[in-house]
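Chemist: sequence first, then the predicted structure, then my questions.
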Amino acid sequence: MLDLAAKTETPKTADEVVEIVADAGATGRTLEIVGGGTKRGVGDGVAADVVLSLAGLAKVIDYAPEELVLTAQAGVTLAALEKLVAAQGQMLPFEPPHLAKLLGAKGKPTLGGALAANLSGPRRIRAGAARDHFLGLEAVTGRGELIKAGGKVVKNVTGYDLSKLIAGSWGTLAVLTEVTIKVLPAARTETTLLLFGLSDTQANAAMVAAMNAPVEVSGAAHLPQAAAARPPLKGQMAVTALRLEGFAASVAARADHLAEALLGFGRAERLDADHSRQFWAQVREVEAFHKDPLPLWRISVPPAAGARVGEALAGDTLYDWGGGLVWLLSEGDPLQVRAKVKALGGHATLYRGDASAFEPLEGPLADLTARVKAAFDPKGVLNPGRMGGA
Amino acid sequence: MKMPLPDAALIARKAEIVRALQRLVPGEGVIGDPAGLVPFQSDGLSAYRQTPLAVVLPETVEQVSAVLAWCQANGVKVVPRGAGTSLSGGALPLTDGIVLGMAKFNRVLEIDYPNRCAVVQPGVTNLAITAAVEADGFYYAPDPSSQIACTIGGNVAENSGGVHCLKYGLTTNNLLGCEIVLMSGEVVRLGGKGLDAAGYDLLGVVTGSEGLLGVVTEVTVRLLTKPQTARAMLLGFPSVEAAGGAVGDIIAAGVIPAGMEMMDRPAIEAAEAFVHAGYPMDCEALLIVELDGPEAECAELSAHVADLARARGATTIRTSASEAERLTFWAGRKAAFPAVGRISPDYYCMDGTIPRRQLPYVLSAITQMGLEYGLGVANVFHAGDGNLHPLILYDADQPGQLEAAEAFGADILKLCVKVGGVLTGEHGVGVEKRDLMGEMFSETDLAAQQRVKCAFDPDLLLNPGKVFPRLHRCAELGRVHVHRGAVAFPDLPRF
Ligand SMILES: Cc1cc2nc3c(=O)[nH]c(=O)nc-3n(C[C@H](O)[C@H](O)[C@H](O)COP(=O)(O)OP(=O)(O)OC[C@H]3O[C@@H](n4cnc5c(N)ncnc54)[C@H](O)[C@@H]3O)c2cc1C
C-alpha cells in the first residue's frame, strides 16, 4: 500500500527529473510518479522508495488557439487548463474526468496524470479519447533519458507515435515532463434528451439507435433506477440521457430528429444547456457512486454489450459511452468479474478496492508488453507494480 | 538513398529460399521468376526500384505466421506490402529480402452496426469498406486520395489521412483493434470492439509504424453515420495570405469544417485544365471548405464562412447547391496530382506539416527556393491542419533534375521543421525522409523509438532500412550510452 512516509521530490525542471530518475536507476531505488496524486488509490498502489511529484512543473508553455494546439508542462492542473481554454472559447475535447472525489483523494488532478491514465469523459464516443488528442511529448524514460516524440502540430506521422504508447501506461514507461495536446472550439450550446424508466436492455438499444442516427450524439449514458435514486439525482426512475452539442440551429434540428428516432422508447424530455452541462459533469465524475464502501469496477466492453454486464454481474451499474463504459459497484469475486467481462469482449479495472487493479495479460501479448516495459525502464525504476506485471 | 548492404550469401541462397517458402505457401503463392517480380520493384515513390528475392502472397494467418517464423529462423528480411501506393518508399523491396504481399487478404469479415465497426482483412481497399456499408447510411471516415487502390493494412501502417481528417481524424483515430503477426510468428490481438483495451496502447504505436513492428492481418475500424447533408464552398482569394487569414478566422469562429483545402495558382490552373471544375482563374489561392451536418447547420455555417471570406477580400464565393456540384468542386482538388502530372513530365510530392500561421512565410520561401533550384512548384495544401503538399515539377530525363528535386524537397522539409512543424503529416518517413529524421529527433529520441522496434522485432528483419537513419543492433542499443542527444565517440561506426 501507499508508503506515506516515503520522501517526496518535487523537481522544477526536466533536467532535475532526469537527475532524479538517473540517480534512482544508478542506486537501485524506485520511484512513484505522481501529478496531483488523485489516482494513487487505483489498484494495489505503488511501494516505491521515493515519490516524484510533477507539481513543480506546472507552466503553460505555448497556447495558440487558432492552431488548436496547446503545450504545457505535465503538472499543470486540469482545472487551470480548463479555465484557460474556456476563456478562448475552446475546450479539452476528451472531457477528462477528474475523479478525485470518486477516489476520495485530496489533490488536484493534472494534465500529465489524465494523459498517463488515458482518462476520457462522456465525449469519448464522439471526439475520441485522451490518447487521440495527445500530439507530442517530452518525457524522461526509466533509463533517465530525456526524450521527445510526436510534434506540436495537429497532423504528424514522423516516427513512432510514442504519445499513444505513453497514454494509458500509468507512469510505468516514462515520466511526462511536457505535453502537447489538440484543443477544439467549445460547443456553443448543448441539450440533452432524457428517457425515463427503461430497463438496461432497452436503454442499451436506445443508445445504439441514437448513436446510429446521423445526429452526432456526444454523450450517451444510462443510470438504472438504483443509480438514479442515489445522490445527486435522487430520482424515482431509471434515466437514459443523450447529449447533442454544437451551434444552436444545428442542435435544435438534431434534437427534433433524435426525439423522433427514439419515439419507440418513449417521449423524450429535454434539458436546457445549463442543466445539460450539470448532468454530464455528474456522469463524468460518476457522482452516483461517490462515498460507497463497495469495490468499484470500471468496465470497458463493446458498446452494444453494455447491458449484458449488468445481467451477468450482481451490483449497481452506471453506463456511459453508449454502453461501452460500465461502472459497477460489486462485491463479486474479482476473478469472476474479469472472466464474465472478458467473455463479453471487454476488460475490467478495479478503481476502488483491494484486489489487483489491472487486467492481467496473457500469452505473446504479455511477453511483448514486458519487452516494451523493459525497452523504456529496464530496471523497473518507475511505478513498480502499478499496472500489475508491468 | 543508401539501403543497408545486401547480404550476398542470402542472395546466393535464393533458389533454396523460394523452395522453402513454396512449401509454406503452396500453389501460386510464391513468385520467384524475374519477370514476375517486376511489378513489385517499387511503390508510389517510383524513383526508387529494387528487385526482391521473391514475393510471397499468403492467404491465411497461419501462412503469414509460418513464413515469418521461417524467415526469422533463417535470417531473411521481410517487406510487407499492401497495394504499393506508399509515397515514401515504405514498401520498397530489399534485394536480399522477400516481399510479403497482403493482397489476397481481401475479405470484409464482419459488419457490426450495433457496435459501429467493421472487421476486415488488411488487403481490403479503403474505399471498399465504405462501399460495403454506405447503403446502410454508414462510412469509414479517413479518405486518402488513393482510396480506390490503397489497402486498409497500408493505411494502418502509414497512419494515413485524407481531406476529411481535420474533423474526423487520421487512421489512428478511427481504429478499434487489429491482429498482428510478429516476426517470431506469434499472433497478437490488440484492442477489439471496445473503446479502449487492457494494457499498453500497442495498437496506437503499431499504427503508423510503417510495417516495421508486425504484419497486420486483421483490422477493426470504426464506422460513422453519414451526415445528413454536406456542402462545399469555393472561395477565391487575391493572395495566399488572405486565404490563410480566412482559414484562421474560420477556426477562430469555432467552425471545424469537415474539410478545408487550399490550392495555389499553379495547382488551380493544372486542375482546371484537367477536369474543368469551374474554378475561378482570377485568384492566387482557392479554398474549398466543406461543411456537413443537418441542413440547418450547413446553411448557418456557410453563411458565416462566406462573411468571413468576404472580410478577407474573397473575389469568388460559391456554395454548392446540389450533391453533383459539391462533387465537381472536389473533382479538381482530388485530381490535383494527376493534373500536375499532365503539365510536368515528373513531379515529387512533399508532405510536411507547419503551424498554420507560418503559411505565407513558408509558401513564399518555397517559391524562392524553386527559383534557385530552377524548378516549378504547385501547392495543394490540407489548410485546416497545416499539412503542405508542395508538388515539385521536374523532368527525370534531364540530367541532374531528379537530384535537384530531391535536394529541393529536403530543403522544404527542413524549413517545415525549423518553423515548428514536422517532416511528414501523412505519407510516412519510409526511405524518403529517413535521413532527415535527425532534423526532428536527437540520437536519444531515435534510440528510444528503436528500442520499441527491438521489443517487437529483435533481429531487425521486418522492413529494415526504413524510418531509422541508422539501425543499431538491438543488443548494442542497450549499451549505447546517449547523454542529452550526444553519443559518446560520435565518429566511431555503430553497425
Ligand atoms: C495518387 C496518390 C494519392 C495519395 N493520397 C494520399 C492521401 O490523400 N493521404 C495519405 O495519407 N496518403 C496518400 N497516399 C499515400 C498512400 O496511398 C498511403 O500511404 C496508403 O496508406 C498506402 O497503402 P498501400 O496499401 O498502398 O500500402 P503500401 O504502399 O503497399 O505499403 C505502405 C507501407 O505499409 C506497410 N504495409 C502494407 N501493408 C501492411 C500490412 N498488412 N501489415 C504491415 N505493414 C503493411 C508497407 O511495408 C509499407 O511500409 C497517396 C498515394 C498516391 C499514389
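Modeler: Yep, that arrived.

Chemist: and B:Leu286, its phi and psi?
Modeler: phi -120, psi 130 (degrees, to the nearest 10).

Chemist: can you name the residues that contact the residue lying closest to B:Ser302 once chain neighbours are set aside?
Modeler: Leaving aside its chain neighbours, B:Ser302 sits nearest to B:Thr319 (5.0 Å; criterion: Cβ to Cβ, 6 or more residues apart in numbering or on different chains). C-betas here are computed from N, CA, C, even on glycine. Counting by Cβ atoms under 8 Å, 6 or more residues apart in numbering or on different chains, B:Thr319 makes contact with B:231-233, B:302, B:306.

Chemist: mind listing what the residue of the stretch 201-350 of chain A found nearest the ligand touches?
Modeler: Distances between the stretch 201-350 of chain A and the ligand by Cβ to the nearest ligand atom are smallest at A:Gly345, namely 23.2 Å. Neighbouring residues of A:Gly345 by Cβ under 8 Å, 6+ apart: A:301-302, A:305, B:192-194.

Chemist: just give me the residue closest to the centre of chain B.
Modeler: The structure's chain B has its C-alpha centroid closest to B:His427; by Cα atoms, centre = their mean the separation is 2.8 Å.

Chemist: so who does that residue touch?
Modeler: Contacts of B:His427 (Cβ under 8 Å, 6+ apart): A:157, B:86-88, B:158, B:349, B:351.

Chemist: run a quick neighbour tally on the residue of the stretch 101-250 of chain B found nearest chain A.
Modeler: Closest contact between the stretch 101-250 of chain B and chain A, by Cβ to the nearest Cβ, is at B:Gly204 (2.4 Å). Residues within reach of B:Gly204, counting by other Cβ atoms under 10 Å in any protein chain shown, total 29.

Chemist: that one should be in a helix, yeah?
Modeler: Yes. Note on B:Gly204: a helix contains this position according to DSSP: H, G, I helix; E, B strand; the rest coil.

Chemist: which residues of the chain score low on pLDDT?
Modeler: In the absence of a named chain, this looks at chain A. Across chain A, the ranges flagged by pLDDT under 70 are A:1-5, A:389-390.

Chemist: hmm, I had chain B in mind actually
Modeler: B:1, B:478-495.

Chemist: list, one by one, the residues from it near the ligand.
Modeler: Contact residues, chain B versus the ligand (Cβ under 6 Å from any ligand atom): B:43-44, B:79-87, B:90-91, B:102, B:122, B:144-146, B:150-151, B:153-155, B:157-158, B:160-162, B:210-211, B:215-216, B:337, B:426-427, B:463.

Chemist: among those residues, name the ones in helices.
Modeler: B:153-155, B:157-158, B:337 (DSSP state H).

Chemist: out of these, who's the most crowded?
Modeler: Going by other Cβ under 10 Å, B:Asn155 tops these with 35 neighbours.

Chemist: who are the contact partners of that residue?
Modeler: Contacts of B:Asn155 (Cβ under 8 Å, 6+ apart): B:126, B:142, B:144, B:171.

Chemist: related to what we said a few turns ago, isn't there a helix covering the residue of the stretch 201-350 of chain A closest to the ligand?
Modeler: No. Counting by three-state DSSP, A:Gly345 is not part of a helix but coil.

Chemist: need the contacts of B:Thr319 in a markdown table with secondary structure and distance to A:Leu198, can you?
Modeler: Converted to a markdown table, the contacts of B:Thr319 look like this (DSSP: H, G, I helix; E, B strand; the rest coil; distance: Cβ to Cβ, whole Å):
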| residue | secondary structure | distance to A:Leu198 |
| --- | --- | --- |
| B:Arg231 | strand | 36 |
| B:Ala232 | strand | 40 |
| B:Met233 | strand | 42 |
| B:Ser302 | helix | 38 |
| B:Ala306 | helix | 44 |
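
Chemist: nearest spatial neighbour of A:Ile292, chain-adjacent residues omitted?
Modeler: Let me fix one detail, which is that residue A:292 is Asp and not Ile. A:Leu329 (5.7 Å).

Chemist: what about the one you found, how many residues nearby?
Modeler: 24.

Chemist: quick one, phi psi at it?
Modeler: phi -90, psi 110.

Chemist: partners of it in the sheet?
Modeler: A:Leu296, A:Asp316 (DSSP bridges).

Chemist: quick check: closest non-adjacent residue to A:Leu328.
Modeler: A:Trp297 (4.3 Å).

Chemist: my read is that the one you found contacts A:Tyr351, right?
Modeler: Yes. Between A:Trp297 and A:Tyr351 there is a contact under Cβ atoms under 8 Å: 6.8 Å.

Chemist: neighbour-wise, which of those two wins?
Modeler: Comparing A:Trp297 with A:Tyr351 by other Cβ under 10 Å, the one with more neighbours is A:Trp297, at 26 against 21.

Chemist: so how far is B:Phe105 from that one?
Modeler: With the distance defined as Cβ to Cβ, to the nearest Å, A:Trp297 ends up 37 Å from B:Phe105.

Chemist: let me see the contact set for residue 300.
Modeler: With no chain named, the answer covers chain A. A:324-326, A:346-349, B:194-197 are the contacts of A:Ser300 under Cβ under 8 Å, 6+ apart.

Chemist: was after chain B, sorry
Modeler: Counting by Cβ under 8 Å, 6+ apart, B:Glu300 has contacts A:247, A:249-250.

Chemist: derive a PyMOL selection command for the buried subset of these.
Modeler: In PyMOL, this line selects whichever of the contacts of B:Glu300 come out buried by 16 or more other Cβ atoms under 10 Å in any protein chain shown:
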select buried, chain A and resi 247+249+250
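
Chemist: can you tell me which of the contacts of B:Glu300 are in helices?
Modeler: A:249-250.
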